[in-house]
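Trainee: let me see the structure of the following:
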Amino acid sequence: MKGIVITHPGLQAVAAKETKDIIGKDCTIRDSVALFDTDEVRDFCTLCYRSQSAMRVLQLFTEFEVERLEDSFEAVQEYDLLKYLKGKTFSVRAWIVNNDSLDTMETEREVGRIVYEKYSKDGVKVSLEDPDVPLFVYVIGKSFYFGIDFAGFDLSKRNYRLFCQSDSVKGTIAYSLVRLASYKKGLVFVDPFSQSGTVSIEAAFYASGKPVRFYEKDRFAFHRFPHLAGLDIDGLFGKHDLFDDSVKDINCFDGQHRHVRAAEKNAKVVGLQKLINFSRTEVEWLDTKFEKESVDCIATNPPRPSTNYTSDSLEKAFQEFFYTADFILKPDGKVVILGKNYPKLLGLAQRYNFTL
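Mentor: All right, here's what the predicted structure looks like:
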């Protein structure tokens with residue numbers, strides 16, 4: 001069997017590394033996807049339950065290059081889906097990236113038509129609202145991927161993001177910042193611009209080993225898949241529900257009290273608040289929180305210019321951040337920042353002894 005983890009464009013290497021960590025499979029990476037082979041259907045379920053980088057996890061039926069939608073019809077028609085669909089309802093959803101020649105609704109309609117016409121005689125019906133088996137088409141550029149969506153929903157969405165700021169980042173991207181910073185359990189981690197706390201919460205999930213879908217076990221589409229009828233899904237969940245609640249040294253700081261409170265509330269939703277140190281701390285005071293060269297990694301999603309943050313005040317905050325980061329970070333430590341104005345950030349970083 002072939003599998004595919006779909007993530008954000010540019011983060012496929014992070015997804016491949018995480019997939020290797022979780023199910024032990026090497027991946028081939030392409031733009032926004034990590035592809036793998038497996039003999040265990042449970043691997044797809046495990047990735048849905050634990051992956052922090054995945055947007056979708058598919059059992060992949062077929063992949064090919066397309067110039068136009070009609071190029072996909074023959075491959076979809078030829079693949080035998082009977083064991084997955086017999087007597088069940090299905091839907092087809094599509095996500096199309098960087099391809100102006102394909103339309104999302106038309107793709108869903110035409111692929112769904114082909115499947116229905118082939119299998120309606122076997123009791124297969126369409127259900128757009130609550131299908132037993134959600135089929136999924138992912139197109140990026142000219143690459144066309146078709147398979148079963150094991151989760152049945154967008155895995156980049158997090159159930160803990162109840163108290164969010166306008167600049168809050170998706171959990172999948174926050175997790176990628178954590179991994180790019182080379183963080184792991186036992187290291188000292190700092191997010192100095194916490195906002196909603198997403199980066200620190202993803203770090204706590206990763207370090208503790210707590211499944212990111214721990215409180216969402218019943219949501220997965222795979223509970224209703226006919227070809228998983230003999231799989232002990234409760235046992236699969238139980239195998240991954242042993243996690244380390246002694247994690248420490250994850251530090252979630254922000255200069256605004258409302259941000260710190262929001263971060264703490266969000267962490268409490270998923271039971272991680274005791275693993276994270278929350279504090280209202282301005283960036284210029286970071287050197288009072290840590291000894292010289294005592295921090296292993298910093299990952300953060302800083303605020304953007306707004307009514308609360310002018311460009312000048314943000315530039316001053318970044319200057320103070322890099323100044324204090326130079327003091328508290330270990331010589332081999334890393335700083336990972338999510339931002340758009342890279343030349344200005346890089347200039348400030350280089351001024352305080354950081355290199356790209």
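
Trainee: quick check: L60 touching G3?
Mentor: Yes - L60 is within contact range of G3, at 5.9 Å (criterion: C-beta atoms under 8 Å). For the C-beta atoms, the positions are set from N, CA and C on the backbone; glycine is no exception.

Trainee: strands of this structure, start to end?
Mentor: Assigned by DSSP state E, the strands in the chain fall at 2-6, 28-30, 33-37, 56-65, 89-97, 125-126, 133-140, 143-149, 189-191, 250-254, 276-280, 295-300, 329-337.

Trainee: including distance to T355, mean neighbour count and mean pLDDT, could the ones you listed go into JSON lines?
Mentor: Formatted as JSON lines, these follow (distance: least, C-beta to C-beta, whole Å; neighbours: other C-beta atoms under 10 Å; pLDDT from 0 to 100):
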{"stretch": "strand 2-6", "distance to T355": "31", "mean neighbour count": "24", "mean pLDDT": "99"}
{"stretch": "strand 28-30", "distance to T355": "26", "mean neighbour count": "15", "mean pLDDT": "98"}
{"stretch": "strand 33-37", "distance to T355": "29", "mean neighbour count": "22", "mean pLDDT": "99"}
{"stretch": "strand 56-65", "distance to T355": "36", "mean neighbour count": "20", "mean pLDDT": "97"}
{"stretch": "strand 89-97", "distance to T355": "32", "mean neighbour count": "19", "mean pLDDT": "98"}
{"stretch": "strand 125-126", "distance to T355": "56", "mean neighbour count": "14", "mean pLDDT": "98"}
{"stretch": "strand 133-140", "distance to T355": "32", "mean neighbour count": "23", "mean pLDDT": "98"}
{"stretch": "strand 143-149", "distance to T355": "35", "mean neighbour count": "23", "mean pLDDT": "98"}
{"stretch": "strand 189-191", "distance to T355": "19", "mean neighbour count": "30", "mean pLDDT": "98"}
{"stretch": "strand 250-254", "distance to T355": "24", "mean neighbour count": "26", "mean pLDDT": "97"}
{"stretch": "strand 276-280", "distance to T355": "29", "mean neighbour count": "17", "mean pLDDT": "98"}
{"stretch": "strand 295-300", "distance to T355": "15", "mean neighbour count": "24", "mean pLDDT": "98"}
{"stretch": "strand 329-337", "distance to T355": "11", "mean neighbour count": "16", "mean pLDDT": "96"}
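
Trainee: tell me the spacing between the most far-flung residue of the chain relative to its centre and E110.
Mentor: Distance from the C-alpha centroid of the chain peaks at K121, with 38.7 Å (C-alpha atoms, centre = their mean). K121 is 20 Å from E110, where distance means C-beta to C-beta, to the nearest Å.

Trainee: tell me, how many residues neighbour S313?
Mentor: By other C-beta atoms under 10 Å, the residues close to S313 number 12.

Trainee: what do L60 and G3 both touch?
Mentor: L35 (C-beta atoms under 8 Å, 6 or more residues apart in numbering).

Trainee: need the per-residue pLDDT for the spatially closest residue to Q273 that is not a sequence neighbour.
Mentor: Leaving out its chain neighbours, the residue that sits closest to Q273 by C-beta to C-beta, 6 or more residues apart in numbering is A267, at 4.2 Å. For A267, the model assigns a pLDDT of 97.

Trainee: A267: how many residues sit nearby?
Mentor: 24.

Trainee: in this structure it contacts S200, no?
Mentor: Yes - contact criterion C-beta under 8 Å: A267 and S200 qualify, at 7.4 Å.

Trainee: show the pLDDT at the residue nearest to G197 when sequence neighbours are not counted.
Mentor: Nearest non-adjacent residue to G197, counting by C-beta to C-beta, 6+ apart: A263, 2.6 Å away. At A263, the model reports a pLDDT of 96.

Trainee: doesn't V199 make contact with N301?
Mentor: Yes - using C-beta under 8 Å, N301 makes contact with V199 at a distance of 6.0 Å.

Trainee: so what's in contact with the two at the same time?
Mentor: Common contacts of N301 and V199 (C-beta under 8 Å, 6+ apart): V169, A174, L177, D191.

Trainee: highest neighbour count among those?
Mentor: Neighbour max across those (other C-beta under 10 Å) = D191, 30 neighbours.

Trainee: which residues does that residue bridge with?
Mentor: As for beta bridges, D191 partners with C252 under DSSP bridges.

Trainee: is it correct that it is in contact with T300?
Mentor: Yes - under the criterion of C-beta under 8 Å, D191 makes contact with T300 at 4.9 Å.

Trainee: how about V14: what's its closest non-neighbour residue?
Mentor: Closest to V14 by C-beta to C-beta, 6+ apart is S176, at 4.6 Å.
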